[in-house]
Structures are given as structure tokens and as C-alpha cells.
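Chemist: Make a model of this:
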Amino acid sequence: MPRWRKARVGSIGARDAGEALFTVPDIGGLDDLGVGVLALLAVVVVAIVVIPLLLFGIELILLGLVVAVGIVGRTLLGRPWIVQALPLAPEAGEQTLSWRVVGWRRSNRLIDEVAASLGDGLNPSPAEASELIPAG
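Modeler: As a prediction, this is how the structure comes out:
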């Protein structure tokens, strides 16, 4: 039996008597059917799993770029960072201390200085900060 069988549907006009209007593929055995099912399954997995994961990855990359641009913009434009020292137990009547400081390195030095002062039990008054923000 040939691989492709021709089916005769009808003749139109000047068609030859042996010419078919369409061909019906022979699906062969179970091996060919299994390959077709696996190919269909692969297409479904790509459509349902891989494409959404790629889109999610693109969203994460864009979010990272937005955060990076925000940090660079804040640093280059000279907007101050706000450094806060929060009490562990706010019920004890301790207040939140906040300072504005311009620059990434200055803010790191301020954090270290405030942490050392609070660790020693002193009231922090860092020189790097531009002002103490009132709690409120």
C-alpha cells in the first residue's frame, strides 16, 4: 500500500481522470502517532509554561532597570536619603530618629555612626547629616 493514498472526490472541468482533488495522509503505525502526540504536547508546554516564564523574566529585568535608574537619579540629582533609627519597643516611649543626608557614601557613614552611638548608649548627633527630622 502506498504511503499516500489518493482519494477521488470528483472531477471539475478538464481534470485528468487519475488526478485527485486532495490527498489523505496515511498515519502509519503507532510510532508515527506517538511522535505526533509528543510534538503536540511540546507545543502545548511551550505555549503554557515557557512563554509566560519568559515574559515574567522580562518584567523582572525591567523592574531592575527602573530601580537602578531610580538609585542613579537620586544620587546624581542630589536628593537626600532619609536614615531612620527605629526603637525596638515603641511602647516604651522612645522616639524614632531620622536624618536627611545627601550621597550614598555619606548615608553609609551616617548609618555606621548612628549605630555606634546607639550601641554605646549615647544620643546620636552625626556630623554627616544635614538636619534632624522631627518625629511625627
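Chemist: Return the distance of the spatially most central residue of the chain relative to residue 66.
Modeler: The chain has residue 60 as the residue nearest its centroid, 2.0 Å off, counting by CA atoms, centre = their mean. Residue 60 sits 11 Å away from residue 66, going by CB to CB, to the nearest Å. Where C-beta positions appear, they are placed from N, C-alpha and C, glycine not excepted.
Chemist: Next: residue 105.
Modeler: 23 Å.
Chemist: what do you get for residue 78?
Modeler: Counting by CB to CB - residue 78 and residue 66 are separated by 20 Å.
Chemist: right, and the helix or strand after the host helix or strand of residue 59?
Modeler: Element membership of residue 59, judged by DSSP states H and E, is helix 51-77. Using DSSP H and E, the helix or strand that directly follows helix 51-77 along the chain is strand 81-85.
Chemist: which helices and strands does the helix or strand just after that next one pack with?
Modeler: For strand 81-85, the succeeding helix or strand toward the C-terminus, using DSSP H and E, is strand 97-101. Applying 3 or more CB pairs under 8 Å, 6 or more residues apart in numbering; DSSP states H and E, we find strand 97-101 packed against strand 81-85, helix 104-119, strand 131-133.
Chemist: who does strand 97-101 pair up with?
Modeler: According to DSSP bridges, strand 97-101 forms sheet pairs with strand 81-85 (antiparallel), strand 131-133 (antiparallel).
Chemist: Restrict it to CA atoms and write it as PDB.
Modeler: Backbone C-alpha positions of strand 97-101 (Å, rounded to 0.1, in the frame of the first residue of the first chain) are rendered in PDB as follows:
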ATOM      1  CA  LEU A  97      15.200  59.400  65.000                       C
ATOM      2  CA  SER A  98      15.500  60.500  61.300                       C
ATOM      3  CA  TRP A  99      18.200  62.400  59.400                       C
ATOM      4  CA  ARG A 100      18.500  63.600  55.800                       C
ATOM      5  CA  VAL A 101      21.800  63.100  54.200                       C
END
